[in-house]
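> When you get a sec, could you give me coordinates for this:
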Amino acid sequence: MEPPSRQPEVHDPGFAGRPIRIGGTILGAHRHICAFFHSRDDEYRVLLPFIKDGFENGEKAVHIIDPGRRDDHVRWLRDAGINVAEAQQAGQLELRGWAEAHLRGGSFDKSRSWL
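Numbering: from 1, shown residues only. Presented below is the predicted three-dimensional model:
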């Protein structure tokens with residue numbers, strides 16, 4: 001029996017021909033990511049390199065976060081070397097609370113556009 005073939009690297013023109021990586025894995029053509037973490041430290045250890053790479057390449061980021069953890073999230077970004085204020089002023093970063101995104105109006109509505 002042959003070993004399973006490796007999924008080929010996918011190069012998205014929106015990413016200047018670079019493969020898209022997260023958590024040590026190269027993403028394929030169908031990109032839906034779901035992750036479960038043991039702790040906040042674990043979450044940021046996995047996500048910050050992905051986030052930082054995006055910022056360094058001029059990509060826009062919309063972070064939907066628990067409003068009660070906003071200050072912590074900003075601190076994690078700053079500690080990773082991301083200038084949060086500059087990124088927000090340039091329109092490269094949007095920080096939204098749950099009520100400003102998928103829970104607008106107090107409930108989730110799958111047919112409502114939230115971005």
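> all contacts plus neighbour counts: C-alpha atoms, from now on.
Will do.
> for the helix or strand bottoming out on mean pLDDT in the chain, packing partners?
Within the chain, no helix or strand scores below strand 21-22, which has a mean of 72 by mean pLDDT, DSSP states H and E. Judged by 3 or more C-alpha pairs under 8 Å, 6 or more residues apart in numbering; DSSP states H and E, the packing partners of strand 21-22 are helix 40-56.
> and the end-to-end length of stretch 78-93?
Length of stretch 78-93, first residue to last, C-alpha to C-alpha, to the nearest Å: 13 Å.
> thinking again about what came up before, in the sheet, which strands lie alongside the least confident helix or strand of the chain, parallel or antiparallel?
If you go by DSSP bridges, strand 21-22 pairs up with strand 25-26 (antiparallel).
> For the partner strand, the averaged confidence score.
In this model, strand 25-26 has a mean pLDDT of 76.
> just stretch 88-107 next, same as before
81.
> quick one: buried residues of that stretch?
92-102 (16 or more other C-alpha atoms under 10 Å).
> which residues are contacting the least confident helix or strand of the chain?
Outside strand 21-22, the residues within contact range by C-alpha atoms under 8 Å, 6 or more residues apart in numbering are 27, 46-47, 49-50.
> Equivalent analysis for stretch 43-56, please.
Residues from elsewhere that reach stretch 43-56 (C-alpha under 8 Å, 6+ apart): 21-23, 37, 60-61, 76-77, 80-82, 92.
> what about burial for the contacts of strand 21-22, which qualify?
Here, 16+ other C-alpha under 10 Å leaves 27, 46, 49-50 buried among those.
> Redo the residues you listed as TSV? Include distance to Pro67.
Formatted as TSV, these follow (distance: C-alpha to C-alpha, whole Å):
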residue	distance to Pro67
Leu27	29
Val46	21
Pro49	23
Phe50	22
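> and which of these is nearest to Gln88?
For those, the residue nearest Gln88 by C-alpha to C-alpha is Phe50; the value is 17.9 Å.
> who's in contact with Pro67?
Applying C-alpha under 8 Å, 6+ apart to Pro67 gives the contacts 96-98.
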